[in-house]
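In: Sequence first, predicted model second:
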Amino acid sequence: MRALLVHPRTPPSYWGFQHSLPIAGKAASLPPLGLLSLAPLLPKPWELRVADENVADVPDDALRWADVVLLTGMMIHAQPMRALMARAKRLGKPTVVGGPAVNTDPGLFPEADHLFRGEAEGRIDLLVRSLETLGDRAPRILSPETEERPSMQIVPTPRFDLIDHRPYASMSVQYSRGCPFQCEFCDIIEVFGRKPRTKTHEQVMAELDALRATGYRGSLFFVDDNFIGNRVAVAGLLPHLTAWQEQHGFPFEFYTEASMDLATKPELVDAMVRAGFTSVFLGIETPSPEALKETHKLQNLRLAPSEAVRRITQAGLEVYAGFIVGFDSDGPEIFAIQRDFISALPVPVAMIGLLTALPGTQLTRRLEKEGRLRVVATGDQFDRPNFHTTMDERTLIEGYGQLLAELYRPESFYKRCENLVETVGKPKAHLRMRPGSLRTLLRTLWSIGLRSPQRGEFWRLLWRTLKRAPHALPRAIILAIQGEHLIRYTREQVLPRLRRALDSLPVEKRAGGAVAAEVAAPQPL
């Protein structure tokens, strides 16, 4: 059996950094870890190939080679996944779809011959048997009916050898699944559960060994949705990570995601920094206590968010953060509150989204009961909300667009960069210079220092960093590279899409005593 494992092209997004990747000399941000993790679960006699459309187009010859095409992706990948399935169908190749999108909404993929929902470890017997022996008689749903979640201790080492690591800006591994909290809008706890499951430290070291054996050196993303979900377990892992890094000369620079209450555990932050972690993504969401209580994100109330960010940053971890507007308790004043709050933080990369009701979440179940759902979420953050909001929808979209426009003005972004480099603590791990760093620096000086509209802000940032915090110079250069995408993507794609969303809004007017709807005139953002 010959299986082609395909990851579709990612549409432009804030996290895609598509405008930054050429400066870094890369084609994609991250590898398709889900496919690399699926590969060792498939029968050893099978011939496997991994294709990532973010690195290279998938030609028809690759599809012809395969006996079956296995695809994965998130909701934003639905259209490119469907296009790939259509091509496979024309060539007579059966398709199996798994991963986050099909878990969220299996109805997105009517073209798929087969669907697989949930985690794969210990659950793929039906899939293998169907593809090997049943053929056209195989059921469409190839995942077992049981909802039992597998132990992470049966997860094998991903097949890093199936890809070339060189086109990727970073590589990735996974330590845990699940989160102990109950945020109303989050689908992670619905998919992976509220009891975090972890790998053993032996498994993690084996994965680092396998990745190092490929020749890769550089940044490594622990993709856990909450790395500290099981604090006892992660506290036991970190000394092993530190020892491994020391033994091998710190080949990797780690980053991850965590809940904001990490700031209340300084010993854990310190252990992460010593192991080689340099940044962490936090779901800050909002400075509004009312909104946090409303959505059951009570862990963010344990410490003032500005103080939490300050503590983590001064300890040596750069904070990336997510924010949300459009909670039921949000009024029109929230945009100015969020703007002032974020502008004062040492958080250059601030991802702000409209609240979305994802399928299967507590939020969606509540809104269904209240009769407020409009459509199923598509993963598009820059369209109308998929539910009837308490704030006037036009006010919400206009305010959201103005907030993004302000925060990603070059002056605003670089001011937060300056705040970061002057706040962040010195690294405690002896991290290596990344391979290709000199080439990246030269491309940065040419692309940003000489040609970019942001070149003035760039040189001011470098001068200020050299003068006040020379240890943060590598961070400043990386932030400038990321800023080229964030600033340009906001201006060229996000704001026009929000204008189109505003143009599509119905407005009510009275005509002869009746209320009629008409399309609103375009509004500036």
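Out: Okay, I see it.
In: ok, how many other residues are close to residue 53?
Out: As a burial measure, residue 53 scores 20 neighbours (other CB atoms under 10 Å). All C-beta spots, glycine's among them, are computed from the backbone N, C-alpha and C.
In: To clarify, my last question referred to residue 211.
Out: If you count neighbours by other CB under 10 Å, residue 211 ends up with 22.
In: Equivalent analysis for residue 253, please.
Out: What residue 253 shows, counting by other CB under 10 Å, is a neighbour count of 22.
In: Not counting its neighbours along the chain, what's nearest residue 361?
Out: In this structure, residue 361 finds its nearest non-sequential neighbour in residue 187, 5.1 Å apart by CB to CB, 6 or more residues apart in numbering.
In: okay but that neighbour is in contact with residue 104, surely?
Out: Yes - under the criterion of CB atoms under 8 Å, residue 187 makes contact with residue 104 at 6.5 Å.
In: Pull up the gap between the residue nearest to residue 361 and residue 418, please.
Out: Computed with CB to CB, to the nearest Å, the distance linking residue 187 and residue 418 is 36 Å.
In: who touches both of residue 187 and residue 104?
Out: Residues touching both residue 187 and residue 104 (CB atoms under 8 Å, 6 or more residues apart in numbering): 358, 359, 360.
In: List buried residues within these.
Out: Buried subset of the shared contacts of residue 187 and residue 104 (neighbour count, 16 or more other CB atoms under 10 Å): 358, 359.
In: Make CSV from the shared contacts of residue 187 and residue 104 and add distance to residue 465 to it.
Out: CSV is the format used below for the shared contacts of residue 187 and residue 104 (distance: CB to CB, whole Å):
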residue, distance to residue 465
358, 39
359, 44
360, 44
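In: about what we covered before: count the residues that sit near the residue nearest to residue 361.
Out: By the criterion of other CB under 10 Å, residue 187 has 21 neighbours.
In: Would you list the phi and psi of it?
Out: phi -100, psi -10 (degrees, to the nearest 10).
In: Now do the contacts for it.
Out: 104, 358, 359, 360, 361.
In: measure it to residue 153 for me?
Out: Distance check for residue 187 against residue 153: by CB to CB, it reads 24 Å.
In: which ones are touching the closest residue to residue 312 other than its chain neighbours?
Out: Once flanking residues are discounted, residue 312 sits nearest to residue 263: 5.3 Å by CB to CB, 6+ apart. Going by CB under 8 Å, 6+ apart, residue 263 touches 269, 303, 307, 308, 309, 311, 312.
In: Pull out the buried members of the residues you listed.
Out: Judged by 16+ other CB under 10 Å, buried ones among those: 269, 303, 308, 309, 311, 312.
In: Can you list the low-confidence ranges for this protein?
Out: Low-confidence segments of the chain, defined by pLDDT under 70: 507-525.
In: let's see it at 80
Out: Residue ranges of the chain with pLDDT under 80: 135-136, 146-147, 378-380, 431-435, 507-525.
In: Tally up the residues packed near residue 154, please.
Out: Residues contacting residue 154 under the criterion other CB under 10 Å number 11.
In: Could you give the number of residues near the nearest residue to it once chain neighbours are set aside?
Out: Of all residues not flanking residue 154 in the chain, residue 121 sits nearest, at 5.4 Å (CB to CB, 6+ apart). Residues within reach of residue 121, counting by other CB under 10 Å, total 18.
In: same thing with the one 5 residues further on?
Out: A count of neighbours around residue 126, defined by other CB under 10 Å, yields 18.
In: Which helix or which strand is home to it?
Out: helix 125-129 (DSSP states H and E).
In: buried set for that helix?
Out: Within helix 125-129, the residues scored as buried using 16+ other CB under 10 Å are 126, 127.
In: now do stretch 326-338
Out: Going by neighbour count (16+ other CB under 10 Å), the buried part of stretch 326-338 is 326, 327, 328, 329, 330, 334, 335, 338.
In: Please apply the same query to stretch 204-218.
Out: Using 16+ other CB under 10 Å as the test for burial, stretch 204-218 gives 204, 205, 207, 208, 210, 211, 216, 217, 218.
In: Keeping just the C-alphas, turn it into PDB.
Out: Listed next in PDB are the C-alpha coordinates belonging to stretch 204-218 (Å, rounded to 0.1, in the frame of the first residue of the first chain):
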ATOM      1  CA  VAL A 204      10.500  13.500  24.700                       C
ATOM      2  CA  MET A 205      14.200  12.800  24.800                       C
ATOM      3  CA  ALA A 206      13.800  10.200  22.100                       C
ATOM      4  CA  GLU A 207      12.000  12.700  19.900                       C
ATOM      5  CA  LEU A 208      14.700  15.300  20.400                       C
ATOM      6  CA  ASP A 209      17.300  12.700  19.500                       C
ATOM      7  CA  ALA A 210      15.400  11.800  16.300                       C
ATOM      8  CA  LEU A 211      15.100  15.400  15.300                       C
ATOM      9  CA  ARG A 212      18.700  16.100  16.100                       C
ATOM     10  CA  ALA A 213      19.700  13.100  14.000                       C
ATOM     11  CA  THR A 214      18.200  14.800  10.900                       C
ATOM     12  CA  GLY A 215      20.800  17.600  11.300                       C
ATOM     13  CA  TYR A 216      18.300  20.200  12.400                       C
ATOM     14  CA  ARG A 217      19.400  23.000  14.700                       C
ATOM     15  CA  GLY A 218      17.300  26.000  15.700                       C
END
